[in-house]
Each structure stands twice: as structure tokens, then as C-alpha cells.
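Asks: sequence? don't have it. structure:
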């Protein structure tokens with residue numbers, strides 16, 4: 001199994017050709033199948049939980065789609081308590097189909113690139129500066145390390161326009177349900193390097209892979225409006241549906257907040273945490289109004305190319321690529 005972008009696929013991964021137990025920190029090379037048991041079980045689990053969620057939401061009061069389109073920034077950002085009650089948006093057939101199409105494209109791209117990414121990880125592992133090895137602590141260490149690096153990966157995808165061009169597809173739905181979790185981008189290789197410190201520190205390949213898989217699967221269930229706010233002890237430490245709804249909001253105070261994967265403590269440590277108070281306007285600040293998966297996947301890359309072509313001078317061209325989304329020359 002190898003991690004690419006925000007989705008996982010099991011591929012034959014070896015830490016190095018003709019590896020020995022010593023080379024792998026006491027773990028022999030993996031003999032992986034193209035898709036592992038967890039991947040196979042996750043597919044019917046996704047279908048079953050989406051059906052469950054759609055039935056739960058069908059029995060609840062739903063918001064009128066687009067009900068916040070005319071709300072002012074002040075109305076969307078009012079921080080005063082009490083918090084608005086959770087009223088879901090629900091499912092829409094074309095929106096769900098678009099999300100599933102994005103997932104299919106993500107899988108295809110990741111399969112095509114898996115060999116190259118595995119080679120990159122092998123190259124780094126051979127040159128590791130430490131050797132954590134395979135112990136009872138290496139998987140917990142890998143999980144915390146992955147979650148910490150995921151926070152920065154996720155944050156940089158919001159702060160660098162080239163990386164945002166990949167990630168924006170995940171935010172493109174104006175609805176929020178379990179199918180939104182499957183709206184995965186097609187260019188995750190752009191930030192695959194963020195996780196290279198793990199093989200550099202000698203974390204075994206199978207624990208790097210498992211940490212990424214657990215992290216991604218955890219994030220599936222938080223894409224829902226069927227679950228309201230959770231008890232304070234959970235909300236304080238872990239990423240929850242309430243916290244992640246904020247992350248998908250286009251409300252001014254919700255932009256670029258709550259980047260965490262499993263743990264929300266990173267956001268609290270680095271100043272990017274925002275609680276759910278006002279009802280959330282899902283989607284982008286300027287929505288793209290399409291269910292076409294190709295446009296969903298690549299529209300921001302096309303916009304970058306247009307801006308670079310029109311720019312005056314290399315400073316502005318580079319700014320359109322590497323500064324934040326929405327940057328304009330002075």
C-alpha cells in the first residue's frame with residue numbers, strides 16, 4: 001500500500017531491493033497485494049454508511065439549498081452565542097455522483113503513480129538519519145508523526161495556490177455528507193514530499209502506510225451532518241464532525257481553519273482552530289457551479305495558467321503560482 005495525496009492504495013512496496021532484516025529495522029520486505037483487506041472492506045462500508053446517513057437525514061428537517069447565498073459577511077461571521085442549531089443540507093444525486101467520480105479518478109491516478117512514489121520513499125529510507133525500527137511503539141509514533149505532517153500538508157494546500165489547485169476539488173461541493181469525503185483530488189503527488197521525514201527517520205514502510213491509512217479512514221466519518229457536537233473531552237482533543245464542518249465552510253471566520261486529521265490539538269497549538277458557531281455555508285467563496293469531474297479536478301490549474309499567461313513579469317507569474325489563493329499583484 002502506498003499513500004498518494006489523500007487516498008490510499010495498496011501496492012507492492014519494498015524498502016530496498018534485496019533487503020535484510022537489519023536494513024528494515026527488523027522487518028522483512030512487504031509482500032503486499034494490489035488492494036489489501038481494509039481497502040476491500042472499506043468499499044461496502046462506504047456504501048452502507050452513506051445509505052444510513054441519507055436515511056437519517058431524510059427523517060430530519062433539512063435546510064433549503066442555497067439558504068445562505070444572500071447572507072452578509074456579518075451574518076455569516078457573527079461570533080455571539082448561542083450557536084446555531086445543526087440543520088443539514090442533505091444529499092443530491094448529481095453531487096454524490098460527482099464525488100464518486102472524483103474518487104474513481106483519484107484511484108486511477110494513484111495506481112499509475114504508485115511505483116514512482118514507492119521508489120522515492122525507498123531512496124529516502126536508504127539515506128535515513130535514524131532507525132526507529134519496528135517495535136511496539138513504532139506504529140503509535142508513525143500515527144502521531146503522520147498526523148502532525150498531515151496538518152502542515154493540509155495547511156500548505158490552503159496557503160500555496162499551486163497546492164490549493166489540487167485540494168480545491170475536495171472543497172467544491174456545496175453540500176456536506178459522507179460522499180463529500182470521497183471527493184478526492186487527482187494531483188496529490190504535488191505534496192507527497194511532505195511525508196518524507198517519516199522514512200528519513202527510519203519508520204518502517206508498513207507502519208508509514210498503516211498510519212496514513214488509519215488517518216484517512218478516520219477522516220471519512222467526520223464528513224457528516226448526521227452527528228452534532230460531541231462531548232467536550234472528545235471535542236477538545238480529536239477532530240470531529242463539528243470541527244471539520246467548520247473547515248468546509250465559506251463563512252469568513254471559517255476560512256483556512258481546522259486543518260487537523262485525527263487530532264485537533266495541532267490547530268489549537270498553531271492558532272488555526274475555530275469552533276462551530278454560525279450555520280455553515282459550504283463550498284468555495286466563488287463556487288464553480290458544475291458536476292463535471294474533469295472541471296472539478298482541474299479548474300484551478302486552468303485559472304493559474306490563465307493568470308500566468310496574462311501576468312507582467314516573472315515576479316507576478318511566480319506569485320500567481322506560489323502565493324496564496326486569491327493573490328493579486330499590487
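Replies: Everything's here; your move. Keep in mind that what you see is a predicted model, and the values were worked out from it rather than measured.
Asks: and the residue lying closest to residue 195 once chain neighbours are set aside, how many residues sit next to it?
Replies: Of all residues not flanking residue 195 in the chain, residue 149 sits nearest, at 5.4 Å (C-beta to C-beta, 6 or more residues apart in numbering). C-beta coordinates here come from the backbone N, C-alpha and C atoms, glycine included. Residue 149 has 20 neighbours, counted by other C-beta atoms under 10 Å.
Asks: Now residue 149: which helix or strand?
Replies: helix 138-159 (DSSP states H and E).
Asks: Off-centre distance for stretch 167-174?
Replies: 10 Å (C-alpha atoms, centre = their mean, to the nearest Å).
Asks: now swap in stretch 95-105 and tell me
Replies: On C-alpha atoms, centre = their mean, the centre of stretch 95-105 falls 15 Å from that of its chain.
Asks: Same question for stretch 123-133.
Replies: That offset, for stretch 123-133, works out to 26 Å (C-alpha atoms, centre = their mean).
Asks: Which positions within it qualify as buried?
Replies: With burial defined by 16 or more other C-beta atoms under 10 Å, the residues of stretch 123-133 counted as buried are 124, 125, 128, 132, 133.
Asks: Identify the residues contacting residue 243.
Replies: 222, 235, 258, 260, 264, 267, 273, 275, 276 (C-beta atoms under 8 Å, 6 or more residues apart in numbering).
Asks: Now with 7 Å, please.
Replies: Residues in contact with residue 243, defined by C-beta atoms under 7 Å, 6 or more residues apart in numbering, are 258, 264.
Asks: And the host helix or strand of it, what's buried?
Replies: In the assignment (DSSP H and E), residue 243 maps to helix 241-247. By 16+ other C-beta under 10 Å, the buried positions in helix 241-247 come out as 241, 242, 243, 244, 245, 246, 247.
Asks: per-residue pLDDT, the second one?
Replies: pLDDT, the model's per-residue confidence, is 98 for residue 242.
Asks: pretty sure it is touching residue 273, no?
Replies: No - the pair residue 242 / residue 273 is not scored as a contact, 11.7 Å apart, by C-beta atoms under 7 Å.
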